[in-house]
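1. Sequence below, structure please.
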Amino acid sequence: MSKYIRVMDGLKSKANGQLFEINKEIIADKWNPSKQNPEDMGGFNFSTEDKILGFIFRGDTVYDVIIPNDAEVILVDGNKGIYRTNKIIVVNPRIITEDMIIDYYKKSTLVMDGYQQYMYISCLLSKKYLKAFKCILKDIINKDNVDIIINRFEKQYCRRKSIDIDVFDYNKIVPEDKEIFDILLGIKKELV
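-> Numbers count the residues shown, from 1 in each chain. Below is the predicted model of the structure:
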């Protein structure tokens, strides 16, 4: 089995804003494993190396997770690799790099539908992981989803708060994003 890991923004959980201390056992304020809703369930989520890609959007730092012997652990969703526990220790912080993302991608056992693929691609783009994006893109995009991904790229671009355009206009996008869009169009051309 892959080792347990967790993604956070530095020492802060993006899920609930809680601060974590490295090498210290953290006990959940709320824990009710019989509930389905994460807010009602409480606890802390984590994943494995082969499923962590689904959590890359949650921060900039990866931690190894140690589960104390007396902790309760449940597998919330095996397909997505979501585990929850009432006690957790985070160790070995590492800032996420593009090489790490590529390595996690190679280890990944996630089965992603078109929407999840788009969300993953969107995360890579929003964090400017262009090397990882270019490396992985051709594996993810196929003739069945290329138009969907291009359409979502256009819509997402128009929704960015720092850009004031209502309709996608190639001539108004920044060079970095033009490069990405050109890659998408090039893949579409190859698939047709």
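2. could you pull out the helices for the chain?
-> Taking DSSP state H as the test, the helices found in the chain are 38-41, 98-107, 114-126, 130-140, 146-159, 175-191.
3. right, and those - which one's nearest residue 48?
-> helix 98-107 (9.1 Å; Cβ to Cβ). For the C-beta atoms, the positions are set from N, CA and C on the backbone; glycine is no exception.
4. can you list the helices of the chain in TSV and add mean pLDDT and mean neighbour count?
-> As requested, the helices of the chain are arranged in TSV below (pLDDT from 0 to 100; neighbours: other Cβ atoms under 10 Å):
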stretch	mean pLDDT	mean neighbour count
helix 38-41	86	13
helix 98-107	89	16
helix 114-126	66	18
helix 130-140	76	17
helix 146-159	79	16
helix 175-191	84	14
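5. Please identify which of these is closest to residue 49.
-> Closest to residue 49 of the helices of the chain is helix 98-107 (Cβ to Cβ; 5.4 Å).
6. ok, for the spatially most central residue of the chain, nearest residue in space, not its chain neighbours?
-> The residue lying closest to the centre of the chain (Cα atoms, centre = their mean) is residue 56, at 2.7 Å. With sequence-adjacent residues excluded and distances taken as Cβ to Cβ, 6 or more residues apart in numbering, residue 56 is closest to residue 123, at 5.5 Å.
7. Quick check: the gap between that neighbour and residue 18.
-> Distance of residue 123 to residue 18, given as Cβ to Cβ, to the nearest Å: 22 Å.
8. again with residue 144
-> 40 Å.
9. what does residue 39 give?
-> Residue 39 sits 13 Å away from residue 18, taking Cβ to Cβ as the criterion.
10. Also residue 181?
-> For residue 181, the distance to residue 18 - Cβ to Cβ - is 38 Å.
11. mind listing what residue 135 touches?
-> Shown in contact with residue 135 (Cβ atoms under 8 Å, 6 or more residues apart in numbering): 102, 105.
12. Next: residue 51.
-> Contact partners of residue 51, counting by Cβ under 8 Å, 6+ apart, are 2, 80-82, 108-110.
13. now with 7 Å?
-> Counting by Cβ atoms under 7 Å, 6 or more residues apart in numbering, residue 51 touches 80-81, 109-110.
14. farthest pair in these?
-> By the measure Cβ to Cβ, 80 and 109 form the most distant pair in these, at 10.7 Å.
15. higher neighbour count, the two?
-> residue 80 (15 against 12; other Cβ atoms under 10 Å).
16. From residue 154, how far out is the residue nearest to the more buried one when sequence neighbours are not counted?
-> Closest residue to residue 80 apart from its sequence neighbours, by Cβ to Cβ, 6+ apart: residue 54 at 5.4 Å. Here the criterion is Cβ to Cβ. By it, residue 54 lies 24 Å from residue 154.
17. Many thanks, we can stop here.
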